[in-house]
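Peer 1: Requesting a structural model of the entry that follows:
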Amino acid sequence: MISPAMYNMLLFRFYHARLKQWQIPQERYYVKKPCAFGRMPLVLHLGDFLQLRPTAAMSLLTDLTALPPTREDKDVPAEYQDAAKLFLSTDLCYELTTTNRFREDEGGRQLQEVVTFMRDPQSQNSAAYKKVSKLWQKMCINDADGEVDARLREPRFQQGHMLAMFWETCGPWMSMRAQHDATALHTPLFCLQAADQASPPLEAPDAALLANQYNPHDTGGIMGMLLLHLGMRVRLTESICKAKGLVKDAEGVVMRIVLHPKDEDRAANAFNSASPGTTVYLTHVPIGIWLKMDKYDEAPDVENLAHATNLSDSDVQSLVLLEPSKCLMPFKWKEYQIYRSGFALTHAMVRTSTACQGKTYDMGVLIDCAKRETGQHPTQADDYWLHMYVMLSRATTLRDIVLIRAPPESFLLQGPPADLKKRLAVFRTRVTACQNRAVAMAAKLGFDKFL
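Peer 2: Purely as a prediction, here's the structure:
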């Protein structure tokens, strides 16, 4: 996910930060090996090349000499080229060859076989392909008879994760999931509409369209219509306190919604309703939302909070009051310039393939494999492979995956993008050389008996 532009800026900042103390002669040396990273003696690059490329940018592995002539970034700035060359010239390379993600059972081994085959596919007539083809069919949804796949009724999928490539899929899923879970928990579903200040003023039809724009990254990090219920798992779409770990994508659970006084009667009627999952449309932005955050235990005034909430001390220490905020910069939509006020939150159990990178999911994972076939930006085959690989490798066992709108099993034969395979081959050669060098050094020092 690191682009040459970002890598170049890291090098440039390190150069200026360490310029005087480490006597770096001239600015042009900041991308040269002896002076890179301000002469930092040891720099570790940790990452997985088989993840998504930087959004709307080339990656450090992009073959700059093979860009098609129609690409706008054909003329790559020299600084970016030098940054990419420096990264690709990394001398010491080591590969982690095992993972703790997959379970040590039959399903875990089967999923590992599938993703391993995807990385290095064999011929269509091979025994390995015939085996993974059957495993692929096993993951595909079984709705041939018009009945719902029985797996989706199991708790691991009812409470599990939902992944897709596009917000056009995730947005409706979030609404559906929130309604379903609120009904299951017998608690009201609150609809929180953001407050938009537009220039020129929004016309009513446009205001309705804007409220239903799915992707919060296009609307200042705040969703136009946010559906919440008590007990719902959510994640932050913007950082609220980096020093405390309350950063973008941090997860928590909704414990209480502090309503505007003018909405309290409406909410009280919903809580008293005999109908589970009653929908409450709020007319004012709430005062705040109490969240119990997963990786936070520094709540102030714990004693009074415990008394007011009847929660245990350990739970109270994780409480955070999220107040409504205004996006720092206006966003453009159609001919409007808009400042939006609301809550920087979204559903944690429904994610795009980009947002699920680095995650490990122990429950069921429902994956929508749909891609854009037509339109202005159809999904390219190489990009599709990367998105599919990322989503499939989030689960821990084959039995926890259900694929809808899945491509045929012949997709498994595609393999990683050609330029990526080329770069991986270069690094793999260096990995072998470094491994041999390490073994020789271990033998020289008398440590070979531990290998």
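
Peer 1: going forward, measure contacts and count neighbours with C-alpha atoms only.
Peer 2: Fine.

Peer 1: Which stretches in the stretch 1-150 of the chain count as helices?
Peer 2: Counting by DSSP state H, counting those that start in this stretch, the stretch 1-150 of the chain has these helices, from start to end: 4-18, 36-39, 78-88, 106-119, 127-139.

Peer 1: Do me a favour and average the pLDDT over the second one.
Peer 2: In other words, helix 36-39. Mean pLDDT, computed over helix 36-39, is 92.

Peer 1: in terms of contact, does residue 11 touch residue 29 like I think?
Peer 2: No - with contact defined as CA atoms under 8 Å, residue 11 does not count as touching residue 29 (10.2 Å).

Peer 1: between these two, which one's more packed in?
Peer 2: Higher neighbour count among residue 11 and residue 29: residue 11, with 19 against 15, using other CA atoms under 10 Å.

Peer 1: check contacts around the more buried one.
Peer 2: Contacts for residue 11 (CA atoms under 8 Å, 6 or more residues apart in numbering) come out as 30, 31, 36, 37, 38, 83.

Peer 1: switch to 6 Å and redo it
Peer 2: residue 37 (CA atoms under 6 Å, 6 or more residues apart in numbering).

Peer 1: rewinding a little: ranked by average pLDDT, which of the helices of the stretch 1-150 of the chain falls at the bottom?
Peer 2: helix 78-88 - the lowest mean pLDDT of these, at a mean of 89.

Peer 1: which of the residues in stretch 269-283 are buried?
Peer 2: 270, 271, 276, 277, 278, 279, 280, 282 (16 or more other CA atoms under 10 Å).

Peer 1: So which of the helices of the stretch 1-150 of the chain is nearest residue 382?
Peer 2: helix 106-119 (12.4 Å; CA to CA).

Peer 1: quick one: residue 410 from residue 369, how far?
Peer 2: To residue 369, residue 410 is 14 Å away according to CA to CA, to the nearest Å.

Peer 1: So for the two, which residue has more residues nearby?
Peer 2: Higher neighbour count among residue 410 and residue 369: residue 369, with 18 against 11, using other CA under 10 Å.

Peer 1: I'd like the distance from the more buried one to residue 436, if you could.
Peer 2: Residue 369 is 41 Å from residue 436, by CA to CA.

Peer 1: Then residue 102?
Peer 2: In terms of CA to CA, residue 102 sits 29 Å off from residue 436.

Peer 1: One more: residue 238?
Peer 2: Residue 238 is 45 Å from residue 436, by CA to CA.

Peer 1: more crowded one of the two?
Peer 2: Per other CA under 10 Å, whichever of residue 238 and residue 436 has more neighbours is residue 238, with 20 against 12.

Peer 1: What residues does the more buried one make contact with?
Peer 2: Contacts of residue 238 by CA under 6 Å, 6+ apart are 248, 344.

Peer 1: Does it lie in a helix or a strand, and which?
Peer 2: Using DSSP states H and E, residue 238 sits within no helix or strand.

Peer 1: any idea of the pLDDT on the residue nearest the centre of the chain?
Peer 2: Closest to where the C-alpha atoms of the chain average out (CA atoms, centre = their mean) is residue 355, at 1.5 Å. Here the pLDDT value assigned to residue 355 is 93.

Peer 1: That one: what secondary structure?
Peer 2: Following DSSP: H, G, I helix; E, B strand; the rest coil, we place residue 355 in the coil state.

Peer 1: Distance check, it against residue 144.
Peer 2: Taking CA to CA, one finds residue 355 at 31 Å from residue 144.

Peer 1: and what of residue 130?
Peer 2: 22 Å.

Peer 1: Looking at the two now, which is surrounded by more residues?
Peer 2: Neighbour comparison, residue 130 and residue 144: the larger count goes to residue 130, with 14 against 8 (by other CA under 10 Å).

Peer 1: got the contact list for that one?
Peer 2: Neighbours of residue 130 in contact, by CA under 6 Å, 6+ apart: none.

Peer 1: tell me the domain ranges of the protein?
Peer 2: Domains of the chain are assigned by automatic domain parsing as 106-151+354-413, 166-352.

Peer 1: so which of those domains comes closest to residue 22?
Peer 2: From the domains of the chain, taking CA to CA, the stretch that ends up closest is domain 166-352, at 29.5 Å.

Peer 1: Would you map the helices across the stretch 151-300 of the chain?
Peer 2: Going by DSSP H, counting those that start in this stretch, the stretch 151-300 of the chain shows helices at 155-158, 167-184, 204-211, 264-272.

Peer 1: is it possible to export those helices to CSV including distance to residue 449 and mean pLDDT?
Peer 2: Shown next, in CSV, are the helices of the stretch 151-300 of the chain (distance: least, CA to CA, whole Å; pLDDT from 0 to 100):
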stretch, distance to residue 449, mean pLDDT
helix 155-158, 46, 95
helix 167-184, 53, 95
helix 204-211, 65, 91
helix 264-272, 68, 84
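
Peer 1: Which among the ones you listed is found nearest to residue 23?
Peer 2: Going by CA to CA, the one of the helices of the stretch 151-300 of the chain nearest residue 23 is helix 167-184, 49.1 Å.

Peer 1: Determine how far the closest one lies from the middle of the whole chain.
Peer 2: 18 Å (CA atoms, centre = their mean, to the nearest Å).

Peer 1: ditto for stretch 386-403
Peer 2: 14 Å.

Peer 1: Offset the numbering so it begins at 19, please.
Peer 2: Right, with 19 as the first residue, what we last looked at is stretch 404-421.

Peer 1: and it, average pLDDT?
Peer 2: Mean predicted lDDT for stretch 404-421 stands at 96.

Peer 1: Could you do stretch 444-458 as well?
Peer 2: pLDDT averaged over stretch 444-458 gives 91.

Peer 1: Can you tell me what sits against it?
Peer 2: 111, 112.

Peer 1: run the last query once more with 10 Å
Peer 2: Stretch 444-458 has contacts (CA atoms under 10 Å, 6 or more residues apart in numbering) with 106-113, 439-440, 442-443, 459-466, 469.

Peer 1: Same question for stretch 119-138.
Peer 2: Here stretch 119-138 has contacts from 68, 117, 139, 146-147, 149-151, 153-154, 157, 377-380, 403, 406-408, 410-419, 429-435, 439, using CA under 10 Å, 6+ apart.

Peer 1: Nice, that's everything, thank you.
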